[in-house]
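Chemist: Need the 3D shape of this:
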Amino acid sequence: MHVCRRRLTQPGSMTMTNNYASGPNSDYLSQGSVIRPREALTFRDLELNITSHRVLRNGHSIHLTPTAFRLLHHLMKDPFRVYSRPELKNAAWPDNVHIGLRTVDVHIGHLRAALNRVGEPVLIRTVRSLGYALFE
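Modeler: As a prediction, this is how the structure comes out:
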């Protein structure tokens, strides 16, 4: 069995190491040393902590519903990408829940209102006929 160490550079000048094993028992041995997803996503003055389900905007805590949190989390994965309504629906609701695409619009509206209570500029942009994206 061979154990290797890789040095990975993450955005924001963070350097991490990733231990991994190769061989017949590699899946079992490497489970404790794999890189886990980032605990927090940031965009401008917005921070979303995935593990604690907390959202901060300009240092102020923002309460979001679980659905709004999932929508924001999905938008923050790739901020400048335009996400279609079906993509956002699939990200925020389970497959066995049947909702219309306009429901996504309503929840995006609630998310915008929650993010703007602090008095900051709107971060979620509507791209006509396509969907939604975060923008600066």
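Chemist: The nearest residue to residue 75 once chain neighbours are set aside: neighbour count?
Modeler: Of all residues not flanking residue 75 in the chain, residue 134 sits nearest, at 5.2 Å (CB to CB, 6 or more residues apart in numbering). Every residue, glycine included, has its C-beta placed from N, CA and C. When neighbours are counted by other CB atoms under 10 Å, residue 134 registers 20.
Chemist: give the contact list for residue 134.
Modeler: Residue 134 sits next to 43, 75, 76, 79, 80, 123, 124, 125 when contact means CB atoms under 8 Å, 6 or more residues apart in numbering.
Chemist: Show me which pair in the residues you listed is furthest apart.
Modeler: 76 and 125 (13.7 Å; CB to CB).
Chemist: Looking only at neighbour counts, state which of the two leads.
Modeler: Comparing residue 76 with residue 125 by other CB under 10 Å, the one with more neighbours is residue 76, at 19 against 14.
Chemist: And the strand or helix carrying the more buried one, what's buried?
Modeler: Assigned by DSSP states H and E, residue 76 belongs to helix 66-77. Applying a neighbour-count criterion of 16 or more other CB atoms under 10 Å, one finds 68, 69, 70, 71, 72, 73, 74, 75, 76 buried in helix 66-77.
Chemist: Okay, and the beta partners of the closest residue in space to residue 87 that isn't next to it in sequence?
Modeler: Counting by CB to CB, 6+ apart, residue 87 lies nearest to residue 131, which is 7.0 Å off, once chain neighbours are set aside. With DSSP bridges as the criterion, residue 131 is bridged to residue 127.
Chemist: Wait, residue 131 touches residue 82, no?
Modeler: Yes - using CB atoms under 8 Å, residue 131 is in contact with residue 82, at 5.2 Å.
Chemist: what residues are shared contacts of those two?
Modeler: With CB under 8 Å, 6+ apart, residue 131 and residue 82 have no common neighbours.
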